[in-house]
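Chemist: Could you work out the structure for the sequence below:
(chains A and B, ligands or ions: 2)
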Amino acid sequence: MSGEPIISIHHLNKKFPMAGGNFYALSQINLSFQTAEFAGLVGPSGSGKTTLLNLIGTLDRASEGEIKILGKELGQLSTKEAAEMRMKVLGFIFQTHNLLPIYTVYENVELPLLLLKWQASDRHKAVMKTLDWVGLTDKVKSRPPQLSGGQCQRAAIARVMVKGPGIVLADEPTANLDAENSHSVLQTMKRLNQELKTTFLFSTHDEKVIRYLDRKITLEDGKIIEDEIQNK
Amino acid sequence: MLLVRLAFKNTMAAGVRTWLNTFILSLTFVFIILINGIHTGMYLQIVRARIADELGGGQYWHADYDPFDPFSLEESHAPLPLSLQNSEKTVPILVVPATIYPHGQMQSVVLKGISPEQSILQLPTSSLKRSAPAGTIPVMIGMRMARDFQLSEGDTVAARWRTHDGAFDAMDFAIVSVFKSDVQAVDQGQLWIPLENLQRMVQTPNHATFIVLRDELQILPQEASWQFHSLEDLLADTRLLVESKRASAVWLYAILMLLAMLAIFDTQALSVFRRHKELGTLMALGLTPSKVVQLITLEGCLHGILAAILATVYGGPVFWYLGAEGYPIPVDTEQFGLALGERMVPVFSVGLFAGTFGTVMLFLAVISYWPARKIAKLQPSDALRGRSY
Ligand SMILES: Nc1ncnc2c1ncn2[C@@H]1O[C@H](COP(=O)(O)OP(=O)(O)OP(=O)(O)O)[C@@H](O)[C@H]1O
Ligand SMILES: [Mg+2]
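Modeler: Ligands and ions are numbered 1, 2, ... in the order given. Next comes the predicted model:
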């Protein structure tokens, strides 16, 4: 691995105001990620994993320090620029699938492309290709309530992958899945990582997920206590 | 455009709730338009009738003339000024207080002298040319007057009045015709007499109390003792009356509007509260928080557009029918003191439709925006977690 990191984090603090002072959910985080990494944040509940993913994903703002994505300092971005960053560069997978329940699988997956103002024919091609990838071509017209948990999570992955984001942030993506579905979802993501050079950053407790990671970063009380390469 | 699409889809997906809100809102539209249309129609109808039978195109009044003060009537007439002597363009009218004795009762009335030849007012004054029995003076009265005093065509009634120098004089009147007018002010408590007869009766040749003009545009020179009253002045009381009726109807649609707005406010607040995860997801997909606020606001406003469509579907035919045919008015309506015909034809203007739609949409926009406005200040992570609304 070499060159400019796709994500770099320096002296990052995140504090939340609390009765009688501030609570530091993250303190002095320094990290960088190269393109096409398949990395994960692990650690006990409340250690700050979600908080860190939210900061990298411009869903929240850092208290101190800086985060750069593709050389852009997130703290300098306006609300609009941050939204644009999420639209074009970032993809989110949540613990719950967060699909829009009244939209079909097809429409859910198409939504990011509508936001990006793609042409109708390009949209159709990309949506069908992505649904094929995650194995949901037969569920195009189904709505999320009609799908299983694993199918929903795969649709959510399709919604992220359809626009080919540079970075995917996945917060406990397998927490609601059984073992079999977890593996199929992880294999899908691993394949995308290898074929499209998409950078993946997970947060997880799940041993099954941890086994797939190339790099495991352990957080405790808002600090990095271990950062190790595995599977190499 | 994407926002409109999303908003439309979300609104439709809300199903019964949307249609309930839309229905209440459409009722509001229909009622506001109907009631305002009726008031406008009422106003125009009265104005038309008053111009035709009472006001002409404006009037000159003797400076002392006060139609509401019967005691001043004896003093408030003067010789017709030269500049207003034009039988083509003016109708002089002399007003004289008198007492009549129908069926043995004594009643105060006013006598109005008018030329039987006049054509400016639509009163059938030519009927005053009909021959009356010897020793009587021909008079015509309105239907209300005939009803109130149980008089009819062919009857005679004794009358007494004062001449110019204060002496009493008396004579019999023969009712040569009973006319129908929607305007009470030319009917109740008065008898119409050929002008020259009346002038002779009170010994004031060539006197008049007020002068009706054919049209307002042609204003004659101002005379010190004759004051010009434009149609606008003369109609001020009618306008005031109709406007006060219009205003007193406001509570009706205020209640409907309140109901509709409450229902929609509730929907909006619930939607912001219940859909926080969906809204957070939209932000994660790249919508700015303010775009999400726009989306919610748009969803609320869509109710207005749907309601307008619904109102057109069931209100349109009603408006169309009423605007063309009108509806019969119960006889009691006369008690309002308004000159209404037998049918009331509401008038619906483009301005009324546009104004109602615009006003409702304005309220709706505020009501829709209000519960959503706080989202704009949220971090997307807060929305995703559903905190701190
Ligand atoms: N908006 C907030 N306001 C106050 N405290 C917060 C807020 N968000 C997170 N925290 C606190 O920051 C700490 C880290 O939270 P975070 O959600 O990042 O933990 P986590 O590692 O993702 O935990 P889990 O594995 O349970 O998801 C927790 O103590 C939490 O209570
Ligand atoms: Mg977490």
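Chemist: tell me the centre residue of chain A?
Modeler: Residue closest to the average C-alpha location in chain A (Cα atoms, centre = their mean): A:L169, at 1.3 Å.
Chemist: tell me which element it is part of?
Modeler: Secondary structure assignment for A:L169, by DSSP states H and E: strand A:167-171.
Chemist: For my notes, confirm A:K117 occurs in a helix.
Modeler: No - counting by DSSP: H, G, I helix; E, B strand; the rest coil, A:K117 is not found in a helix; it is coil.
Chemist: what about it, how many neighbours?
Modeler: Residues lying near A:K117 (other Cβ atoms under 10 Å in any protein chain shown) number 9. Heads up, the C-betas are built off the backbone N, CA and C, glycines and all.
Chemist: Okay, and whichever residue of chain A sits closest to chain B sits in which element?
Modeler: Closest to chain B within chain A is A:M87: 2.5 Å, counting by Cβ to the nearest Cβ. Element membership of A:M87, judged by DSSP H and E, is helix A:79-88.
Chemist: ok, the residue of chain A closest to chain B touching A:K117?
Modeler: No - A:M87 lies out of contact with A:K117 (Cβ atoms under 8 Å); the separation is 10.1 Å.
Chemist: And the lowest-mean-pLDDT helix or strand in chain A, what's buried?
Modeler: Every helix and strand of chain A was ranked by mean pLDDT, DSSP states H and E. The lowest is helix A:179-196, at a mean of 87. By 16 or more other Cβ atoms under 10 Å in any protein chain shown, the buried positions in helix A:179-196 come out as A:181-186, A:188-189, A:192-193.
Chemist: about what we covered before: run the chain-centre distance for the helix holding A:M87.
Modeler: For helix A:79-88, the separation from the chain centroid amounts to 15 Å (computed by Cα atoms, centre = their mean, to the nearest Å).
Chemist: immediately after that helix, which helix or strand?
Modeler: Assigned by DSSP H and E, the successor of helix A:79-88 is strand A:90-93.
Chemist: who are the neighbours of that next one, in terms of helices and strands?
Modeler: Strand A:90-93 sits against helix A:149-161, strand A:167-171, with contacts defined as 3 or more Cβ pairs under 8 Å, 6 or more residues apart in numbering or on different chains; DSSP states H and E.
Chemist: Kindly export the first one (C-alpha atoms) in PDB.
Modeler: C-alpha atoms of helix A:149-161 as PDB (Å, rounded to 0.1, in the frame of the first residue of the first chain):
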ATOM      1  CA  GLY A 149     -33.800  -9.700   6.600                       C
ATOM      2  CA  GLY A 150     -30.900 -11.000   4.500                       C
ATOM      3  CA  GLN A 151     -32.600  -9.900   1.300                       C
ATOM      4  CA  CYS A 152     -33.200  -6.500   2.700                       C
ATOM      5  CA  GLN A 153     -29.600  -6.100   3.700                       C
ATOM      6  CA  ARG A 154     -28.500  -7.200   0.200                       C
ATOM      7  CA  ALA A 155     -30.800  -4.600  -1.300                       C
ATOM      8  CA  ALA A 156     -29.300  -2.000   1.000                       C
ATOM      9  CA  ILE A 157     -25.800  -3.100  -0.200                       C
ATOM     10  CA  ALA A 158     -27.100  -2.800  -3.800                       C
ATOM     11  CA  ARG A 159     -28.300   0.700  -3.000                       C
ATOM     12  CA  VAL A 160     -24.800   1.600  -1.900                       C
ATOM     13  CA  MET A 161     -22.900  -0.100  -4.600                       C
END
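Chemist: residues making contact with that helix?
Modeler: Here helix A:149-161 makes contact (Cβ atoms under 8 Å, 6 or more residues apart in numbering or on different chains) with A:91-94, A:97-99, A:105, A:108-109, A:111-112, A:127, A:130-131, A:133-136, A:139, A:144, A:147, A:168, A:173-174, A:176-178, A:180-181, A:184-185, A:188-189, A:192, A:196, A:198, B:285.
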